[in-house]
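**Q** fold the stuff below for me.
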Amino acid sequence: MAKDITHGWPAGDSKPELIYPAAVSAPPPTTHPDPSVSVILPIRNERAYIEDALQALLTQERLPARYDILVVDGMSDDGTREIVQAIAARDPRVQLVDNEKRIVSSALNIGIARAQGEIIIRVDGHTRVAPDFIRANLELLEEHPEASSVGGPIAHRGKTTFARGVAAAMSSRFGVGGANHRRETYEGYAEGAVFPAFRRTIFDQVGFFDEELVRNQDDEFNFRITAGGGKIYISPRVKHDYYVRGSVQALAQQYVQYSYWKVAVFRKHRKIVAARHLAPVVFLVAAPACVITAAIAPPPLSWVALAPLVAYGGLLTAAVISAGIRERSVAVGVCAGVATATMHVAYGTGTLLGILAGPGRSPFVRAIMAKITR
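**A** Residues are numbered from 1 along each chain as shown. Okay, the predicted model is just below:
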């Protein structure tokens, strides 16, 4: 297999190439009734969440005999490293590994290179997994030998009123489209799992994570799996709570960055994975045109021009009411509306930047998009 060197890879080793198009063959049968498991946490500045995340992983039910946790840290400066070091001193299953490149894709590649497990599971630092998370993943892999990766649909959670609104927005079809992995009760094949369990053999077939991508490296990796004929299976039996951003600014930064790097994935593979990714940018471009047309055109053309904005306002109002009823809180409902509009505008803005000033076109914009973090 061809090799190329990446910063942060263990000395004397090289990173496997990114293979596309790949031919994903059926995974080999598990050679051990209780396969070894390595969990990789790619983190940076997760002081508020990392202790709970590690505690949940260390106290799992029916853990395999061979089990380790690699915390691959992007040189945190908020006290996260000290928390992890203290836990690692008490429990040798936890290792702290440096990620000087400070992006998720390099963290994952460093973790995979060091991991000893036959099964490799990715978990984020701001996630709390259920007590049977590891065992549920192993059972799902056993039940679905055709799957190269398994996991659970995402369960969004918030600790504040606004964050609860964000969680409601991220769980709604109007907020994020119809992706199956966003539906908390979905079971079946999907385009990706949020915190997946991989059979180690998949990295021999499709390569590792693309370190040119600051975000969306998981989407791009999953695309290589499915494009090569591989399968990804998710089930609500695999449970975890993902804690969402707690402010408008953090949410907007997240979605601008997501969509900017999503365009980079589209360019790389010359394919738009799903049409829903383009809806926000179409609305962002069309909305000013609708306003201008409505201002200068006579009726009934002005009414027609306003129709898309009125329809969006109606859907947004319905989302506010739905979230408020579901969460039994008017304030959460209003926050869900603010969060939904923020996500749509931010995602459309990032997509537009990705089209006009993508990573290969504007180093200045790329540097800004690489700098925005959680």
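
**Q** make it CA atoms for all contacts and neighbour counts henceforth
**A** OK.

**Q** can you tell me how far Pro280 sits from Trp261?
**A** Noted for Pro280: a distance of 15 Å to Trp261, by C-alpha to C-alpha, to the nearest Å.

**Q** so for these two, which residue has more residues nearby?
**A** Neighbours per residue (other C-alpha atoms under 10 Å) separate Pro280 from Trp261, with Trp261 holding more: 28 against 23.

**Q** wait, is that one part of a helix?
**A** Yes - per DSSP: H, G, I helix; E, B strand; the rest coil, Trp261 lies within a helix segment.

**Q** correct me, but it touches Asp219?
**A** No - using C-alpha atoms under 8 Å, Trp261 is not in contact with Asp219; the gap is 10.1 Å.

**Q** give me the neighbour count for Glu143.
**A** 10.

**Q** and it, how far is that from Arg183?
**A** Glu143 is 21 Å from Arg183, by C-alpha to C-alpha.

**Q** for stretch 290-303, list the C-alpha coordinates in CSV.
**A** Written as CSV, here are the backbone C-alpha positions of stretch 290-303 (Å, rounded to 0.1, in the frame of the first residue of the first chain):
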residue,chain,number,x,y,z
CYS,A,290,-37.3,37.8,-2.7
VAL,A,291,-37.3,41.0,-0.5
ILE,A,292,-36.0,43.2,-3.3
THR,A,293,-38.5,41.9,-5.8
ALA,A,294,-41.3,42.3,-3.3
ALA,A,295,-40.2,45.9,-2.8
ILE,A,296,-40.1,47.0,-6.4
ALA,A,297,-42.7,44.7,-8.1
PRO,A,298,-46.4,45.5,-8.2
PRO,A,299,-49.0,43.0,-6.9
PRO,A,300,-49.5,40.1,-7.4
LEU,A,301,-45.8,39.6,-8.3
SER,A,302,-44.7,41.1,-5.0
TRP,A,303,-47.0,38.6,-3.2
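
**Q** tell me the mean pLDDT over that stretch?
**A** Regarding stretch 290-303, the rounded mean pLDDT is 91.

**Q** swap in stretch 171-188?
**A** Average pLDDT, stretch 171-188: 85.

**Q** how long is that stretch end to end?
**A** Span of stretch 171-188 from end to end, C-alpha to C-alpha: 18 Å.

**Q** who's in contact with it?
**A** Applying C-alpha atoms under 8 Å, 6 or more residues apart in numbering, the contact partners of stretch 171-188 are 152-156, 169-170, 190-194, 233-236, 276, 315, 319, 340, 343-344.

**Q** same check, this time on stretch 293-307
**A** By C-alpha under 8 Å, 6+ apart, the list of residues contacting stretch 293-307 from outside reads Cys290, Val291.

**Q** what are the buried residues along it?
**A** Thr293, Ala294, Ser302, Trp303, Ala305, Leu306 (16 or more other C-alpha atoms under 10 Å).

**Q** what's the closest of these to His269?
**A** Ala305 (35.7 Å; C-alpha to C-alpha).

**Q** next SSE after the helix or strand containing Pro280?
**A** Under the criterion of DSSP states H and E, Pro280 resides in helix 279-296. Using DSSP H and E, the helix or strand that follows helix 279-296 towards the C-terminus is helix 301-327.

**Q** centre of the chain to that next one, how far?
**A** 28 Å (C-alpha atoms, centre = their mean, to the nearest Å).

**Q** show me the chain divided up by domain.
**A** Domain segmentation of the chain under automatic domain parsing yields 36-244, 266-371.

**Q** could you pull out the helices for the stretch 101-250 of the chain?
**A** 104-114, 133-143, 161-170, 173-176, 202-206, 217-227, 248-269 (DSSP state H, counting those that start in this stretch).

**Q** buried ones in the fifth one?
**A** Residues of helix 202-206 classed as buried by neighbour count (16+ other C-alpha under 10 Å): Ile202, Phe203, Gln205, Val206.

**Q** let me have these in JSON lines, extended by pLDDT and distance to Thr226.
**A** Formatted as JSON lines, the buried residues of helix 202-206 follow (pLDDT from 0 to 100; distance: C-alpha to C-alpha, whole Å):
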{"residue": "Ile202", "pLDDT": "93", "distance to Thr226": "11"}
{"residue": "Phe203", "pLDDT": "93", "distance to Thr226": "13"}
{"residue": "Gln205", "pLDDT": "90", "distance to Thr226": "12"}
{"residue": "Val206", "pLDDT": "90", "distance to Thr226": "10"}
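
**Q** for Pro92, state which of the residues you listed is nearest.
**A** Looking across those and measuring by C-alpha to C-alpha, the closest to Pro92 is Phe203, at 26.3 Å.

**Q** gap between the most far-flung residue of the chain relative to its centre and Leu306?
**A** For the chain, the residue at maximal distance from the C-alpha centroid (C-alpha atoms, centre = their mean) is Pro298, at 46.1 Å. From Pro298 over to Leu306 the distance is 12 Å, taken as C-alpha to C-alpha.

**Q** try Arg135
**A** Distance from Arg135 to Leu306, by C-alpha to C-alpha: 53 Å.

**Q** pull the number of nearby residues for Asp78.
**A** Asp78 has 12 nearby residues by other C-alpha under 10 Å.
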